[in-house]
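> Give me a model of this one.
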Amino acid sequence: MKLNPVLPILFLALVTFLGGCRSRPLELYRPGDREVWQTVALPPAPVAQPTSQTMTQPNTENRPVVVMSTTMGDITIELFAAESPITTENFLQYVDSGHYNGTIFHRVIPNFMIQGGGFTENMVDRPTRDPIRNEAGNRISNRRSTIAMARTNVIDSATAQFFINVADNTALDGDGIRGGYAVFGRVIEGMDVVDRIVAVETTSRGPHDDVPATPVVIREVRRQS
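Residues are numbered from 1 along each chain as shown. Alright, predicted model coming up:
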């Protein structure tokens, strides 16, 4: 039986169409890399604001404080150890080991957030420990000045990368089961520094977008209390 020459063309067009309909994943891949670049998903269209009945306020006790010294100034952060014990302990282990020293804020997006903790100035990622459990179930909202963990589209995949919200990004909230990004602290001094960082000129470096054209380096993160 003679094959209709139109059929292969129709099949190819159908495959191309279906491929284009797939939603873009939350993570970005580096060519030739097995690892997934941890990232924060851009929030969807605005949703209803969480009410006081659905979101909690952090406990006023058990709040370690760290100072993040950057090339643009210092950022002082208090951590919500009572509400986010796993995330806080994980973050402090990276602090104490010096992991963050010499890394950069590699992704900054105005009216959204600044993300760092994973790459050097040469965009080389640092090795990390195993991922931790997502504590977005603490119900603390991703409001301006809060710090939360970056992750892939796998819920329990956060390691060292974090982001500081420069806006009320309540679309990033979750319950730790259906998703969300776990808030584990807030900036108590230095939001002016955060605002200067998010306003810098950005560029693309390899597969990475929104990278500061002039590196914003985290010189040191140390415990204050």
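
> Identify the residue nearest the residue most central in space within the chain in space, chain neighbours excluded?
Central residue check for the chain by CA atoms, centre = their mean: the C-alpha nearest the mean position is that of Ala150, 2.9 Å away. Distances taken as CB to CB, 6 or more residues apart in numbering place Gln161 nearest to Ala150, at 4.0 Å, with adjacent residues excluded. Any C-beta I mention is one placed from the backbone N, CA and C, and that applies to glycine too.

> For that neighbour, list the residues it contacts.
Applying CB atoms under 8 Å, 6 or more residues apart in numbering to Gln161 gives the contacts 38, 115-118, 149-150.

> again, only this time at 7 Å
If you count contacts by CB atoms under 7 Å, 6 or more residues apart in numbering, Gln161 has them with 38, 115, 117-118, 150.

> Listing request: residues of this structure with sub-threshold pLDDT.
1-38, 42-60, 176 (pLDDT under 70).

> got the residue ranges for the strands in it?
Taking DSSP state E to define them, one finds strands in the chain at 28-29, 36-37, 65-70, 73-79, 103-109, 113-116, 146-149, 162-165, 183-189, 202-205, 208-212, 217-223.

> Just put those strands in a markdown table and tack on distance to Ala171 and mean neighbour count.
Output for these, formatted as a markdown table (distance: least, CB to CB, whole Å; neighbours: other CB atoms under 10 Å):
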| stretch | distance to Ala171 | mean neighbour count |
| --- | --- | --- |
| strand 28-29 | 19 | 14 |
| strand 36-37 | 21 | 18 |
| strand 65-70 | 25 | 19 |
| strand 73-79 | 22 | 19 |
| strand 103-109 | 14 | 24 |
| strand 113-116 | 12 | 26 |
| strand 146-149 | 12 | 27 |
| strand 162-165 | 11 | 26 |
| strand 183-189 | 13 | 22 |
| strand 202-205 | 22 | 13 |
| strand 208-212 | 18 | 17 |
| strand 217-223 | 26 | 16 |
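
> Quick check: which of the ones you listed is nearest to Gly137?
strand 183-189 (11.0 Å; CB to CB).
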